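Visitor: The following block contains a protein sequence and its predicted model.
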Amino acid sequence: MTTIKDVSDAAGVSQATVSRVINGTSKVSHEKKLKVEKAIRELGYKPNSIAKALASSRTGSIGVIVPELGGAFYSQVLQTIEERLRQLGYHLVVTAGSNTEQGQLDSVEFLLSRRVDALILHTQQLADDYLIALEEQGIVLVLVNRFIPELAHSCIDIDNELGGKLATQHLIEMGHHKIACITGPLHKSDARGRLQGYRKALEEAGIAFDENLVIESGFTEETGAMAMRKLLKREHEFTAIFACNDHMAFGAFEVLQECGLRIPEQISLVGFDDILFARYLTPALTTVNFPIETMSCEAVQLAIQKLHKSKHDVDFKLSPSLVVRESVKSFTPTPITTKELT
């Protein structure tokens, strides 16, 4: 199925420009207009037909895209959205867009072909221009856990930087100065925000940032375990770890146990998200609460209010909070190095 991105690539212009040519919403240079029209003809793109259908009728359904259907985080997102939509008389249509741009583009096209009334998107791979163009076509959309300045009125985001700062500050307050960080994939804005919070907490405490204590990972248990093994091979001492989501913390936890390192007696560990399983680890995981339920409810509220063109009485920026459990202990003066493990 030809998408607006295919047209923009063929014409060598932005997706927003393609949208403007299709809808005539603003002036476009004659040269760009000709390029877009040529690309549309050659690719057989049928512009705006879905958007017109959306504008002219309602189906009582809301489309939701998440990267994957498994895992505690997305399960809670979907469950909360579904429950709230049912209360409001709407039905949920879900598709997993995977963690690729093409997969998420296909998911958008699929949902629009089903003529959903609105889209709630938890996506990081879709380009800003593409999402801006969708809204310019009249498609009601809400972005969760992402912020685009041009779509500020459509974004429900959390303060990831604050969350990263809270986690790191807690470790510093417990006496830790050599703190490692396992980040998520840094092409994602939430991962960058949490890393920035880590760096800001170190800076405010007068602790030098050490790039050797930072490992980029992939927001999964497997990649968290790989990052932990990589960190242990470096000749740099640390007494605590901030893993930028709970899944990576679980992977790191397992590797530390395999290496005979006790949590929190030898290594303190903090996660992020506060998914259900975090409280059932032994010791229970100290983590940052991601307000998943609140974010999901606010996303539904915003989508419905946009559909009915009513006042957007929602909280666009949510604040995380620290959940203190048993995986952090006051610093002891014997930092762990990889030499002790060989």
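Guide: Good, I have the coordinates.
Visitor: got the buried residues for whichever helix or strand Lys306 is part of?
Guide: Per DSSP states H and E: Lys306 is located in helix 292-307. Across helix 292-307, burial judged by 16 or more other C-beta atoms under 10 Å covers 292, 295-306. For the C-beta atoms, the positions are set from N, CA and C on the backbone; glycine is no exception.
Visitor: got it, and stretch 13-26?
Guide: For stretch 13-26, the neighbour count (16+ other C-beta under 10 Å) marks 13-22 as buried.
Visitor: what does it contact?
Guide: For stretch 13-26, the external contacting residues (C-beta atoms under 8 Å, 6 or more residues apart in numbering) are 4-5, 7-8, 11, 27-28, 32-33, 35-37, 40, 47-48, 127, 129-130, 132-134, 136-137.
Visitor: Show the buried residues in these.
Guide: If we count by 16+ other C-beta under 10 Å, the contacts of stretch 13-26 have these buried: 4-5, 7-8, 11, 28, 32-33, 35-36, 40, 47-48, 127, 129-130, 132-134, 136-137.
Visitor: related to what we said a few turns ago, closest to Glu101 out of the buried residues of stretch 13-26?
Guide: Gln15 (11.9 Å; C-beta to C-beta).
Visitor: returning to that earlier point: between which two of the buried residues of stretch 13-26 is the distance greatest?
Guide: By the measure C-beta to C-beta, those have their two most distant members at Ser14 and Ile22, which lie 12.8 Å apart.
Visitor: Lowest-scoring secondary structure element of this structure by mean pLDDT?
Guide: helix 49-56 (a mean of 49; mean pLDDT, DSSP states H and E).
Visitor: ok now the helix or strand just after it, how far from the chain's centre?
Guide: The helix or strand immediately downstream of helix 49-56 is strand 61-66, counting by DSSP H and E. Centroid separation for strand 61-66 versus its chain: 16 Å, with C-alpha atoms, centre = their mean, to the nearest Å.
Visitor: Use 778 as the first number from now on
Guide: Yep, numbering from 778; the last one is strand 838-843 now.
Visitor: now that we're looking at the closest residue to Ser884 other than its chain neighbours, how far away is Asp936 from it?
Guide: In space, and not counting its chain neighbours, Ser884 is closest to Gly874: 3.9 Å by C-beta to C-beta, 6 or more residues apart in numbering. Taking C-beta to C-beta, to the nearest Å as the measure, Gly874 falls 25 Å from Asp936.
Visitor: Please say which of these two ends up with more neighbours.
Guide: When Gly874 and Asp936 are compared for neighbours, Gly874 comes out ahead with 25 against 15, by other C-beta atoms under 10 Å.
Visitor: Next one: that one from Phe887, what distance?
Guide: From Gly874 to Phe887 the distance is 9 Å (C-beta to C-beta).
Visitor: Where helices are concerned, which of the buried ones among the contacts of stretch 790-803 count?
Guide: Secondary structure from DSSP state H places 781-782, 784-785, 788, 809-810, 812-813, 817, 906-907, 909-911, 913 of the buried ones among the contacts of stretch 790-803 in helices.
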